[in-house]
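# Pasted the sequence and its predicted model underneath.
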Number of protein chains: 2
Amino acid sequence: MDPGPIEDALVRIVGRAHALDAPDHRAGYEVDWTGQFRGQARMVVRPASTAEASACVAACARRGVPLVAQGGNTGLVGGSVPDGTGDAVVLSTRRLTDIGTVDQPGAQITVGAGVTLQGLNEHLRPHRLELGIDLAARGSATVGGMAATNAGGIHVIKHGSMRRRISGIEAVLGDGAVVSHLAGLDKDNTGYDLSSLLCGSEGTLGVITAVRLRLVPMAVERVTALTAWAGMRPMIEGLAQLRRALPALEAAEYMVRPGVELVLDRYQLSDPFPAPYPAYLLIEVGAEHDPTSEFATAIAALEGVRDVAVALDGQARERLWALRELHTEALSAAGPPRKYDVTVPPVSIPDFLDQVVAELVAGTTCHHFGHLADGNVHLNVLGVGDRPDAELDEIDGRVLGLVARHGGSISAEHGIGRAKRRWLGLSRSAAEISAFRAIKTGLDPAGIMNPGVLLPDLG
Amino acid sequence: MDPGPIEDALVRIVGRAHALDAPDHRAGYEVDWTGQFRGQARMVVRPASTAEASACVAACARRGVPLVAQGGNTGLVGGSVPDGTGDAVVLSTRRLTDIGTVDQPGAQITVGAGVTLQGLNEHLRPHRLELGIDLAARGSATVGGMAATNAGGIHVIKHGSMRRRISGIEAVLGDGAVVSHLAGLDKDNTGYDLSSLLCGSEGTLGVITAVRLRLVPMAVERVTALTAWAGMRPMIEGLAQLRRALPALEAAEYMVRPGVELVLDRYQLSDPFPAPYPAYLLIEVGAEHDPTSEFATAIAALEGVRDVAVALDGQARERLWALRELHTEALSAAGPPRKYDVTVPPVSIPDFLDQVVAELVAGTTCHHFGHLADGNVHLNVLGVGDRPDAELDEIDGRVLGLVARHGGSISAEHGIGRAKRRWLGLSRSAAEISAFRAIKTGLDPAGIMNPGVLLPDLG
C-alpha cells in the first residue's frame, strides 16, 4: 500500500506548527552557522518527544526519505545540514528539553537531547556540579549534538570528551526502533555498548533523543596563567612536567608569536610581557578549593619557562583568555583561512609543523594554535581564498597526509561530516571503513540516516 | 573449491606444535576454572601473531567452523569455553605477549592480548605506572580477555572498568579482517568507536589481539580501614559522604555480619572489633603521596560510623582484606552457592535485599557482599544444591527479575556468557537485542564467533 506523501505523515505526527515547509521557516535549519555548508530541506520537523521522533524516522524509513538530525547546528564539518537536493527531512531535536532529577550521590543526570550546554550547567549550578566539558558554542550547542559528535573542547585534558561523560543514551535507530539505556549504572556488562557507538556517529546510525551524563564537582576556584617559552619543544616538555605536578590542570592552550601578534594588532591589546616570545602556553587549574598554592609551587619548579603572567582576578583572566579565543576571529578577518582540526602526538608536533610549512605552496601562510596536551592542533592556512577547488583539494591532501604520516588523526574534535569524508581513509583503514559500513547497514537498513556524512562514497 | 579440512589449514598456519588436537593437550582449554562450564574443542590453536590469528579466523569463516577466543580462561559465565558438540575451534591468545614501549608523557602502552594483568603491572612498576584495574585472577587473566569482558574489579570506583582504560584495540573480525586502532590519541573523531564496541562483546564480534591502554600513576601509598555500621542504610549514606571527602578513594567493599561470621568461624580468625555489627565497609585510599592525614580527617568527620579499625602496616592490611576476600571460599565450602553478580542503584540496595529474602524459597539462605559504590552486589544463595534445574531456573528468574524491577543490571562485571543469555531480556529491551544482532551479523556474517554466548536464541 502506498504510504502517502511523507509531508502529510510528518504533519500528522508533530502537528502543523512543528512541521515547517515554508522556505523562510526552514531557512535557519538549512545552513550551518559558518555559512559554509548550505542545502535545502524537504521539511523541518520538530518532535516534542522520543515517541514522535521515532514515528518521524519510521515514516521516513518506510518511504526511503533521507533524514538529517540537527541539534544546535554549531558543527563545523557540515554534518547537521541537508544537501542541496531538497530530498531530506531535517529533524530538529531542540524541543526535547526535559531535564531529569539530579542524582547527587551518583553525580549523574538524564536530559533531553535539545538541552543546551549552558542550560544544563545553569541547572546544575545550585547542585555544585557541572558537565566537565566546555566549548565556545555553549549557548547553542545541545547535549544531543555534542553526543552525536563526541564533542571535546578545552577541558578534555581533565574530564575527557563526551564519550567519557556519557553513561547512557536513548536514540531512534534507522528503522524507527527506540533503544534506551539510561539507568546510568557504573557496572553493567549486559551486551554491546550502543551508547559509545552512537556517540560520535554523527547522525548516521540514529537520532539521539536523550542522554545520561556523568557530572563532575563544579570548579568554583580557578587559577590562570600565561607562560612564555623559547619554542614549541621546551614548551611541550614543560607541559609534561606540569601535568605530573598538577593533576587538576584543566586547560593547556598553546599559541605562537605570529598568531598572538595578529590578535594584539587587530584588537589593539597590550602585550602581556615586556618582550615577545616564540611560544605561549595558557594554563588553568580548576578545583573545588583554592588551588593557588599548588599552582604557584608547580610554576616555580617549571624548567625552561621564560616568563609568567598570572591572572589574579576575573578581569585579568578574561584578558589572558581573549588572546587565545580571539585567534579564530582575527584569522577569519585576515582570511578566509583553510581550517584543519587535527591531532598529532604531542612529541611530533614540532616536526609536523616544520613539514607543513615546507610543503605549503608559495603565497600561503600557516597559523596554528590549539589544545597542547591532547596534541590537538588547529591549523589555519591563509592566502588560499581564491584558488580553484582542485588546488584546495591538493593542499588538503598534503596537510592531512602529513597528519597521517605522523600517526595523527585528520579530525580531532570536529568530526568528519561532509567536509572530510573523502579523506577518512587517511586515518582509518579499508577494513575499519568496511566495518563501519556493516554496522551502518545493520542499524540503518534503508540507508536514510544522514547520507553523505562520515562514510566516503563507495568505489 | 573444497577448502579442505579445517584442522589441516590450522596446522599450516600456526604449526603442528601450536595446533593441539590430542584430548589431553586440549583439556585445559575445554573447562573453565570453576569447573562449571565444560565442553569439547575440535582443535586448540595458539597463533603467535595477529596475522596468524587473522588467517585462523578466515579459515574458520570459509568453512563455517565456530571459533571460541580464549585468554586466561578466568571468566565466570562460560564465555571462553566451547560447547559440548566438539565443533568449535578454541583460539588461545596467550602467545600474543608483545609489550610495546611505555609512553611516559601520555601514560599509555600497547600490549598483546595474551599479556597477563600481573605481567603488565610488573613491567610498568619501574615506570611508576599501573593499569588502575585489579582483580583476584591477576596472575592468569589476560588484558585481551579483560577487554573482551570489560573487566571491572575493586578499583572501578576510581579508575573505571576496562572500557575507560582502553584507548584503542586491534582485533580480527568474523571474516578474518584485521581492524587496528592503536595510536592512542586523546582526541580522534574519525568514525565509529570500534574499540568500545569490541570491549565487552565477549568474543562474539571478533578476537582482540592487542590493546592500547591508558595508565594511571602507581599508588605507592595505601591506607586501609574497616568501618562498622548499624546497617546498610547508614553505611550507604556514610559512603556518599566519604566519596565527597576522599576523591582518591579506590575501594569500598561491603560485607554484612552473617558473611563475616562465616569467614571468622571457618578460618578461626579473631573479630576485628570487640562487638559484632550488622554491616561493614572496607575502604582503601591509594595515592602517589602518603594520604594518611586526609584519610584520618575524612574518617573523623564520618557520621553514623560505629567503630573503625585502621591498618597501620601491610600485615594488618592483609588481615582486613582477608575478611572480604575469603567470602568466596567460605561460601563455596558452605555451598555450593547459586551466584549472582548484579548491579542495583546503591540507594535501592536495602529494599532489593529485603525483597530477595522475602521471595526466596524455604530452606535457602542468602549471603551478599560487594563493591558498594558501584552498586555491585555479589549474591550467593545457599541451600539450593540438589534442586532440579527447573527450580533453579525459577530462583534465577525471581532474583534477576527483582534486579530488573529495581532498575539494575543482571550482570555487573562478569558478563552474560553462556550462563545468563536467556535472561538478557531482563536488562536489555527487544529493540536493543535486535540492534546487537544487526551489529553481530554485520561484523561476523558467517556467525562463527563464539556462538551460544551473549545473544539469546531467537524465537
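Received, thanks.

# Could I get the contacting residues of the residue of the stretch 151-300 of chain A found nearest chain B?
Closest to chain B within the stretch 151-300 of chain A is A:Ser196: 3.5 Å, counting by Cβ to the nearest Cβ. Heads up, the C-betas are built off the backbone N, CA and C, glycines and all. Each residue near A:Ser196 by Cβ atoms under 8 Å, 6 or more residues apart in numbering or on different chains is listed here: A:163, A:166, B:163, B:193, B:196-197.

# With A:Phe37 instead?
Counting by Cβ under 8 Å, 6+ apart, A:Phe37 touches A:31, A:78, A:81, A:417-419.

# just these now: which is nearest A:Val263?
A:Ala419 (25.6 Å; Cβ to Cβ).

# Against B:Ala230, how distant is that closest one?
61 Å (Cβ to Cβ, to the nearest Å).

# of these two, who's got more company?
A:Ala419 (21 against 13; other Cβ atoms under 10 Å in any protein chain shown).

# from what I can see the more buried one touches A:Gly75, true?
No: here A:Ala419 does not reach A:Gly75: they are 9.4 Å apart, not a contact under Cβ atoms under 8 Å.

# Quickly list what's touching both of those two.
With Cβ under 8 Å, 6+ apart, A:Ala419 and A:Gly75 have no common neighbours.

# can you tell me which residue is nearest the centre of chain A?
Closest to where the C-alpha atoms of chain A average out (Cα atoms, centre = their mean) is A:Ala151, at 3.6 Å.

# re the thing from before, which of the contacts of A:Ser196 lies closest to B:Ala51?
Taking Cβ to Cβ as the measure, B:Ala51 lies nearest B:Leu197 of the contacts of A:Ser196, at 22.7 Å.

# follow-up on the earlier one: out of the contacts of A:Ser196, list just those in helices.
Secondary structure from DSSP state H places A:163, B:163, B:196-197 of the contacts of A:Ser196 in helices.

# Kindly state the beta-bridge partners for the nearest residue to A:His123 once chain neighbours are set aside.
Closest residue to A:His123 apart from its sequence neighbours, by Cβ to Cβ, 6 or more residues apart in numbering or on different chains: A:Ile99 at 5.6 Å. When assigned by DSSP bridges, A:Ile99 has beta-bridge partners A:Val111.

# Name all residues that make contact with A:Ile99.
By Cβ under 8 Å, 6+ apart, the neighbours of A:Ile99 are A:109, A:111-112, A:115, A:120, A:123.

# Next: A:Ala245.
By Cβ under 8 Å, 6+ apart, the residues touching A:Ala245 are A:294, A:297-298, A:301.

# Return the backbone torsion pair for it.
Dihedral angles phi and psi of A:Ala245 (degrees, to the nearest 10) take the values phi -80, psi -30.

# Take the helix or strand harbouring A:Cys56, keep the C-alpha atoms, and write them as PDB.
Applying DSSP states H and E as the criterion places A:Cys56 in helix A:50-63. Output in PDB follows, covering the C-alpha atoms of helix A:50-63 (Å, rounded to 0.1, in the frame of the first residue of the first chain):
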ATOM      1  CA  THR A  50      11.100  10.400  21.700                       C
ATOM      2  CA  ALA A  51       7.800   8.800  20.500                       C
ATOM      3  CA  GLU A  52       7.200  11.500  18.000                       C
ATOM      4  CA  ALA A  53      10.800  11.300  16.800                       C
ATOM      5  CA  SER A  54      10.500   7.600  16.400                       C
ATOM      6  CA  ALA A  55       7.300   8.000  14.400                       C
ATOM      7  CA  CYS A  56       9.100  10.500  12.100                       C
ATOM      8  CA  VAL A  57      12.000   8.200  11.500                       C
ATOM      9  CA  ALA A  58       9.800   5.300  10.800                       C
ATOM     10  CA  ALA A  59       7.700   7.300   8.300                       C
ATOM     11  CA  CYS A  60      10.900   8.300   6.500                       C
ATOM     12  CA  ALA A  61      12.300   4.800   6.600                       C
ATOM     13  CA  ARG A  62       9.100   3.400   5.100                       C
ATOM     14  CA  ARG A  63       9.400   5.800   2.200                       C
END
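
# how about it, does it reach chain B?
No: for helix A:50-63, no contact with chain B is found by Cβ under 8 Å from any Cβ of the partner chain; the gap never falls below 9.9 Å.

# quick one: contacts of whatever helix or strand comes next after that helix?
Next in sequence after helix A:50-63, counting helices and strands by DSSP H and E, comes strand A:67-70. The contact list for strand A:67-70 (Cβ under 8 Å, 6+ apart) reads A:29, A:41, A:56-57, A:60, A:80-82, A:88-93, A:144-145, A:148, A:203, A:207-208, A:448-450.

# Okay, strands next: where are they in the stretch 151-300 of chain A?
A:166-173, A:178-180, A:206-214, A:216-217, A:221-229, A:249-256, A:279-287 (DSSP state E, counting those that start in this stretch).

# Cool, thanks, talk later.
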